[in-house]
Every structure is written in C-alpha cells, then in structure tokens.
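# Return a 3D structure for these sequence lines:
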Amino acid sequence: MLVNIVVGLIVVAVILVRQMAPRAVKASPKGALIITVIGLVSAAQFVDHHHLSTLALATMVGSAALGVVFAVGRGFTVRIWRDENGVLMSRGTVTTLVLWVVGLAAHVGLDLIAGHGAGSATIVLYIGTMLLAQLLVVQWRAGALGSVQPKRPVSALHG
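So this is what the prediction gives:
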C-alpha cells in the first residue's frame, strides 16, 4: 500500500510538472488511453477480489464522474497559443494546478468516506480518465484555432 502511495505521488508530481511547462498540443490521446486501460484493469481486479457494497461501487463511479468534471474544467483553464513556427502550444495555469489538487483530494476524500479501500486501486483509472478528458477539451479548444501548419524555414539558397 505504501509503495502504491509513493509511486502515485511521483506520477502525479511528474504529470503536474509537465502540465505547467509549455508543450505542443498532442494530436493523439494514446498516452492517456494507455493509462486509462491500465487503470481499468487494476480497478476490475480490485472489484473482482473484493466484495463491495452498492455504496462502495456508487462511490467509485461518483469519484470517476467528479474527476471528469474537474478535468473538463481544467481543460478550459489551459492557455493555448501558436508559437513562432505556427505550432499549437499549451501550458497549465495556476488554476489548472489548483483543480488538479482539489480533484485528487476529492478522490481520496470520497474513498476515505466510503471506507472501501479502492482509492489506491482506482487512482490510476482516475488519473487516466482525468488526463483523457482534459486532453480532449484542450484538443477541441485548439481545433478552434485551426490545424497546425508550421512555417517552413526559408533557405538562403531558395530565397
């Protein structure tokens, strides 16, 4: 359990640092989908090996839904712009960071209230779905700026 918590904190720290740095808007949600699938497998294994009450299952679903709500909100707080080469870039804001922390705290809090112990088993699913939802909102917003058409450098030989 302690190992899960430490690994989870490291993963969250890496995600937060990456969210706050300027990065090209991803064209593919592949990474978030992989994390979500890993989380689904982990959560399914937990549910398969533990007898959970209806309240516990409802809490898990409610936590996931709340995570998506926070992620959509975060997607609207991300700054999006074109760099000097015309590449769509994004960077999280202080509000993005705050919504990450509050969303994760809500997940842990719901797990503690329900008392079923699934929080550590579902945290990867929670993070994956939050990343996926936020990415989809950022991609949608970036799409309003048009497709990425990087400028080509002008060669001295060609004018």
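# what about the residue positioned nearest the centre of the chain, helix or strand, and which?
What sits nearest the mean C-alpha location of the chain, by CA atoms, centre = their mean, is L131, with 1.7 Å. According to DSSP states H and E, L131 maps onto helix 119-143.
# thinking again about what came up before, how about the residue nearest to the centre of the chain, what does it touch?
Listed by CB atoms under 8 Å, 6 or more residues apart in numbering, the contact partners of L131 are I15, G31, A32, I35, T36, A71. Just so you know, the C-beta spots here come from the backbone N, C-alpha and C atoms, and that holds for glycine as well.
# same check, this time on M130
So M130 contacts G67, V68, F70, A71, R74, G103 (CB under 8 Å, 6+ apart).
# Repeat the analysis, applying 6 Å as the threshold.
Counting by CB atoms under 6 Å, 6 or more residues apart in numbering, M130 touches G67, A71.
# re earlier: what's the spacing between the residue nearest to the centre of the chain and H51?
30 Å (CB to CB, to the nearest Å).
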